[in-house]
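K.L.:
Quick one: sequence and predicted model below, then my questions.
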Amino acid sequence: MPGPDTAEIGGNTSCVEVRCGTARIIFDGGTGLRLLGNSWLRDMPLTAHLFFSHVHWDHIQGFPFFAPAFVPGNTIHMYGAANVTGTVETALAGQMETPNFPVHLTTLPASLQFHDLREGETVTIDDDVRVTSAAGNHPGGVFAYRVDYKGRSVVYATDTEHYSIPDPKLVALARDADVLVFDTMYTPEEYSGERGGIPKTGWGHSHFEAGVALVKAAGIKKYVLFHHDPSQTDAMVREKERRARELFADSLAAYEGLVIDML
């Protein structure tokens, strides 16, 4: 949520860029995608690879405002799971149909290439970048992704939760990763219902104790707390970060414009 209480952390919904050499990779098309696309306009024409964890509204709503999609000569590859609710293509088309939006997906000037992924499938980009998926736990389904490039690795795992033990699929996906970007929407008390009165179990979101459990089970080097609850102010996110660091020192709360250099 934008406003004075979130001026430090930021108010955009999920969108993370990963640069591997010349490869441009994006995870999720939330509202942050608008500003990211604007920052790329000086580099046209280009090729980008956009991986969707899932197609809930907060993860796709930035795409209609993604400027590179409106530029002829650009190529945008889009990836995600196909399930009973449809594909990435049907979800993006649906939000851009009348009366929702004045420009339809099929009229965008850029070349849009859609790829339906199977769980565990690896996509190779520019010969030396590998992106691998694993299924998480979220209503309607969700994919987590791992990027491997020149001996470094980052895992993006949002909108998921563990239940009784660290999710074995995520442990396997994230084994020995350099950076984990993990859903840390709640504090443990918010998740259990001890604070706020409503248990969040089964909602498909997690907390920092679960994130640290995954970090330790998989041998991850850096933990980035991600997908903050919109009701949390900057101060509340910083307190969440402080408590996470008590359990794992190299923990960091994601914020607007955060850059991590892994080379």
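P.N.:
In hand now; what should we look at?
K.L.:
Touching stretch 109-125 from outside, list them.
P.N.:
20, 23, 25, 49, 68-82, 87-89, 105, 130-135, 143 (CB atoms under 8 Å, 6 or more residues apart in numbering). C-beta here means a position set from N, CA and C on the backbone, and glycine is covered the same way.
K.L.:
Show me what secondary structure element comes after the longest helix seen in the chain.
P.N.:
Taking DSSP state H as the criterion, the chain has its longest helix at helix 234-247. Next in sequence after helix 234-247, counting helices and strands by DSSP states H and E, comes strand 251-253.
K.L.:
one step back: show me what the longest helix of the chain is packed up against.
P.N.:
Packing partners of helix 234-247 (3 or more CB pairs under 8 Å, 6 or more residues apart in numbering; DSSP states H and E): helix 208-218, strand 222-226, strand 251-253.
K.L.:
still on that earlier bit, could you flag which of the contacts of stretch 109-125 are buried?
P.N.:
The neighbour-count test (16 or more other CB atoms under 10 Å) marks 20, 23, 25, 49, 68-71, 74, 76-82, 87-89, 105, 131-135, 143 as buried among the contacts of stretch 109-125.
K.L.:
Show me the shaky parts of the stretch 1-150 of the chain.
P.N.:
Applying pLDDT under 70 to the stretch 1-150 of the chain flags residues 84-85.
K.L.:
one more time with 90
P.N.:
Residues of the stretch 1-150 of the chain meeting the criterion pLDDT under 90: 1-3, 82-86, 127.
K.L.:
so residue 139 touches residue 204, yeah?
P.N.:
Yes - here residue 139 reaches residue 204: they are 5.3 Å apart, a contact under CB atoms under 8 Å.
K.L.:
Those two: which is more packed in?
P.N.:
residue 204 (21 against 11; other CB atoms under 10 Å).
K.L.:
which residue packs closest to that one, ignoring adjacent ones?
P.N.:
residue 138 (3.3 Å; CB to CB, 6 or more residues apart in numbering).
K.L.:
And the helices in the stretch 51-200 of the chain, which stretches?
P.N.:
In the stretch 51-200 of the chain, the helices defined using DSSP state H, counting those that start in this stretch lie at 88-95, 168-173, 188-192.
K.L.:
Now render the helices and strands packed on helix 234-247 as CSV, adding mean neighbour count and mean pLDDT.
P.N.:
Conversion of the helices and strands packed on helix 234-247 to CSV gives the following (neighbours: other CB atoms under 10 Å; pLDDT from 0 to 100):
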stretch, mean neighbour count, mean pLDDT
helix 208-218, 21, 98
strand 222-226, 23, 98
strand 251-253, 22, 98
